[in-house]
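For reference, the sequence and a predicted model appear below.
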Amino acid sequence: MALNPDKSDAIWFSSTQRARTLHPLASVNVAGSQVSISDTITTLGVKLDSQLTFNSHISAVSKSCYYHIRSLRHIRNSLTDDMAKSIAVSLISSRLDYANSLLYGISETNIVKLQRIQNSLARLVTQYSYPSSSDALYNLHWLPITRRIEFKIATLSYKTINSGSPSYLASLIEPYQPPRSLRSSDLHLLATPRTRTVLGSRAFRVASPTVWNSIPVQVRESASIDSFKRQLKTHLFTKSD
């Protein structure tokens, strides 16, 4: 298949410190074609920047979500509570949840931006009948943004541990093996690899065991994915209080 350089982009990923020492490139040669280096690229609907801050992605998600929130506001009085909640979940919450496992460990500034969107949506759906956004979220049984990210990573971990697939994720995690027989041997923990960088701590190989090991053992030992999700959501709601 021939590569069309006019419709292709390349990106150089690195940490902030590493980027300062790299010689800037304008393009790279791929299969005989010169592909220009971009500051951001979009793949599967996610905007990636060279330092994986996800600033551009958060801005795009915010713009899209607020557009739909404004549209929903115009018709809210004509909808029942259930209808409003269904529309909110399908049009806005789905955008907040899409690929949100990638957002583990992003800046607090970006988390706050997403949380403001969810707060605005919750207040709108409940027609501002609660004194605070937290009360509205609790009434709707919506986990806040940080907990939703943890929920996604924990769910991916459960599926990977119990099915061994997808293989590209299964290869990144392994059971915790204590050096000698300890009580923790029966807790179904994952080994947490060491990392010396903030960017490294956000990788799935670190995020998965970090989140998984923080879950109570009775939740980790759930017999089915549906049971796991129910218990996990209850646990995360408790952490959100």
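Ah, there it is.

I'd assumed residue 107 was in contact with residue 198.
No: applying CB atoms under 8 Å, one finds residue 198 not in contact with residue 107, separated by 10.1 Å. Where you see a C-beta, it was placed from the backbone N, CA and C, and this is true even at glycine.

who touches residue 229 in this structure?
For residue 229, the contact set (CB atoms under 8 Å, 6 or more residues apart in numbering) comprises 151, 155.

Mind checking what helix or strand follows the helix or strand bottoming out on mean pLDDT in the chain in sequence?
When each helix and strand of the chain is scored by mean pLDDT, DSSP states H and E, helix 16-21 comes last, with a mean of 70. Downstream of helix 16-21, the next assigned helix or strand under DSSP states H and E is strand 27-30.

That next one: partners in the sheet, and parallel or antiparallel?
Using DSSP bridges, the strands paired with strand 27-30 in its sheet are strand 33-36 (antiparallel).

Provide the contact partners of the strand it pairs with at residue level.
Outside of strand 33-36, the residues that reach it under the criterion CB under 8 Å, 6+ apart are 3-5, 8-10, 26-29.

Show me what the longest helix along the chain is packed against.
The helix spanning the most residues in the chain, taking DSSP state H as the definition, is helix 55-75. Helix 55-75 makes packing contacts with strand 46-49, helix 81-88, helix 94-97, helix 108-125 when contacts are defined by 3 or more CB pairs under 8 Å, 6 or more residues apart in numbering; DSSP states H and E.

rerun at 6 Å
Contact partners of helix 55-75 among helices and strands, from 3 or more CB pairs under 6 Å, 6 or more residues apart in numbering; DSSP states H and E: strand 46-49, helix 94-97, helix 108-125.

If you count neighbours, what's buried in the longest one?
With burial defined by 16 or more other CB atoms under 10 Å, the residues of helix 108-125 counted as buried are 110-111, 113-115, 117-125.

related to what we said a few turns ago, compare residue 198 and residue 107 (neighbour count), which wins?
Ranked by neighbour count (other CB atoms under 10 Å), residue 198 and residue 107 place residue 107 first, with 13 against 10.

roughly how far apart are that one and residue 164?
Note on residue 107: its distance to residue 164, by CB to CB, to the nearest Å, is 34 Å.

where does the residue lying farthest from the centre of the chain sit relative to residue 3, distance-wise?
Among the C-alpha atoms of the chain, the one farthest from their average position, using CA atoms, centre = their mean, is that of residue 32, at 36.3 Å. Applying CB to CB, the value for residue 32 to residue 3 is 8 Å.

do residue 138 as well
Computed as CB to CB, the residue 138 to residue 3 distance reads 51 Å.

Please say which of the two ends up with more neighbours.
Under the criterion of other CB under 10 Å, the comparison of residue 138 against residue 3 puts residue 138 first, with 17 against 13.

ok, for the more buried one, nearest residue in space, not its chain neighbours?
Counting by CB to CB, 6 or more residues apart in numbering, residue 138 lies nearest to residue 237, which is 7.7 Å off, once chain neighbours are set aside.

What about that neighbour, how many residues nearby?
For residue 237, the number of neighbouring residues by other CB under 10 Å comes to 16.

and residue 188, what does it touch?
With contact set as CB atoms under 6 Å, 6 or more residues apart in numbering, residue 188 has these partners: residue 220.

ok, 10 Å please
Contact criterion CB atoms under 10 Å, 6 or more residues apart in numbering gives 161, 175-176, 212-213, 215, 217, 220-221 as the residues in contact with residue 188.

and if you look at residue 137?
Applying CB under 10 Å, 6+ apart, the residues near residue 137 are 115, 118-119, 121-123, 126, 130, 143-144, 237, 240.

still on that earlier bit, with mean pLDDT and distance to residue 70 added, can I get the helices and strands packed on helix 55-75 in TSV?
What follows is the helices and strands packed on helix 55-75, written out as TSV (pLDDT from 0 to 100; distance: least, CB to CB, whole Å):
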stretch	mean pLDDT	distance to residue 70
strand 46-49	94	22
helix 94-97	97	14
helix 108-125	97	10
